[in-house]
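>>> the following comprises the amino acid sequence and a computationally predicted model.
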Amino acid sequence: MITCYARHGNVIAARGLFDQMPERDIASWSAIICCYMHRCNPSQAFLLFREMIQAGKSKPDPMILVTILSGCAESGSLGLIGKSVHAYIERNHMDVNVQLGTSLIGMYGRCGCLKSAFTVFERMPERNVMHWTSMICGLAIHGYSEEALAFFERMLGTGVRPNKVTFTGVLNACKHAGMVEAGHNYFCSMKSDFGFDPEIYHYGCMVDLLANSGMLDDAYSMIQSMKVEPNVVIEKVLQIAEPDDDGGVYTLVSDLYALGGRWNDVQKVRVLMDRLVVRKKRGSSFIEVEDLRSSSCS
């Protein structure tokens, strides 16, 4: 019943039923924790996780741990909660299976704790494409492009075949570094070497990369040559803009519209920028990357 309420978005009813239960097994704990996590409330999910641990009657299974770690990764700002879950795993000598290892690497990568992500990665007895991809994407989203591409080449050297998500990370890395030629080569390699048809996010990365490099004609030509509705691609370009973007992505989209003579759309983007109070201002953040540059390529 808790799961049923959760699927329909009724968190209050799910929690009421859970609180009324005289005895709670692992299934009920898992259901209510997943309920809060899926309703974008990872902090409450973690409080329930801690309550379950303190009760001592139910031991969390890998599914609960993966759920909490995934929520921390999606938020990108709950590294301390993720570290607490990791500490619990180590204290209890739990086996880190494929899914749990991927979740740990992904959580640390998204939260900017790249050294910790690398430590988990290196401890994995066997690494599949999900582990490699989590590292590549984590490095790429924080601007460590050379390290991300080095991981990709290292992955290929071990015989692990990339997937489409891997290429999203690779193209993101090229985008952050303005590596147009490398980005184009990797983009073409998706189809020629691995048989993947590029999807919306891959096109979005390439359009962003070309436009930010001043190659608006090439960016617009790529959009026009695709079988996908151009508006959809441009929307994806806006979606992959970083939360602290300085306005560059919005400006390039406006320029792309102008290049195609779509002046009404130019005005819509400008209105959106004003609504979101987009400013030409760079922020800064601390990212845990000590010793990563020298160790990631070894």
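Perfect, I can see it now.

>>> just the buried positions in stretch 55-74, please.
In terms of neighbour count (16 or more other CB atoms under 10 Å), stretch 55-74 has its buried residues at 58, 60, 62, 64-73. For glycine as for every other residue, the C-beta is placed from the backbone atoms N, C-alpha and C.

>>> got it, and stretch 206-222?
For stretch 206-222, the neighbour count (16+ other CB under 10 Å) marks 206-213, 216, 218-220, 222 as buried.

>>> just the closest of those residues to Asn92, please.
For the buried residues of stretch 206-222, the closest approach to Asn92 (CB to CB) belongs to Asp208, at 43.4 Å.

>>> give the next helix or strand downstream of whatever helix or strand the closest one lives in.
Per DSSP states H and E, Asp208 falls inside helix 200-212. Counting by DSSP H and E, the next helix or strand C-terminal to helix 200-212 is helix 216-225.

>>> rounded mean pLDDT for that next one, please.
What helix 216-225 shows for mean pLDDT is 78.

>>> how about the contacts made by the residue nearest the centre of the chain?
Nearest to the mean C-alpha position of the chain, by CA atoms, centre = their mean, lies Arg110 at 6.1 Å. Each residue near Arg110 by CB atoms under 8 Å, 6 or more residues apart in numbering is listed here: Cys72, Ala73, Glu74, Gly76, Gly138, Ile141.

>>> got CSV for those residues, with secondary structure, distance to Thr168 and pLDDT too?
As requested, the contacts of Arg110 are exported to CSV (DSSP: H, G, I helix; E, B strand; the rest coil; distance: CB to CB, whole Å; pLDDT from 0 to 100):
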residue, secondary structure, distance to Thr168, pLDDT
Cys72, helix, 20, 78
Ala73, helix, 15, 78
Glu74, helix, 16, 75
Gly76, coil, 16, 60
Gly138, helix, 12, 94
Ile141, helix, 10, 91
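
>>> could you dump stretch 187-195 to CSV, C-alpha only?
Listed next in CSV are the C-alpha coordinates belonging to stretch 187-195 (Å, rounded to 0.1, in the frame of the first residue of the first chain):
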residue,chain,number,x,y,z
PHE,A,187,30.8,12.6,-32.5
CYS,A,188,31.6,10.9,-35.8
SER,A,189,33.1,7.9,-34.0
MET,A,190,29.8,7.2,-32.3
LYS,A,191,28.4,5.9,-35.6
SER,A,192,31.5,4.9,-37.5
ASP,A,193,33.2,2.9,-34.8
PHE,A,194,30.3,1.9,-32.4
GLY,A,195,27.2,2.0,-34.5
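
>>> and the contacts of it?
Identification of contacts with stretch 187-195 by CB under 8 Å, 6+ apart yields Arg161, Pro162, Lys164, Phe167, Leu171, Phe196, Asp197, Pro198, His202, Met206.

>>> tell me the one among the buried residues of stretch 55-74 nearest to Gly178.
Ala73 (26.7 Å).

>>> how far away is that closest one from Val11?
Distance, Ala73 to Val11, by CB to CB, to the nearest Å: 21 Å.

>>> cool, thanks, signing off.
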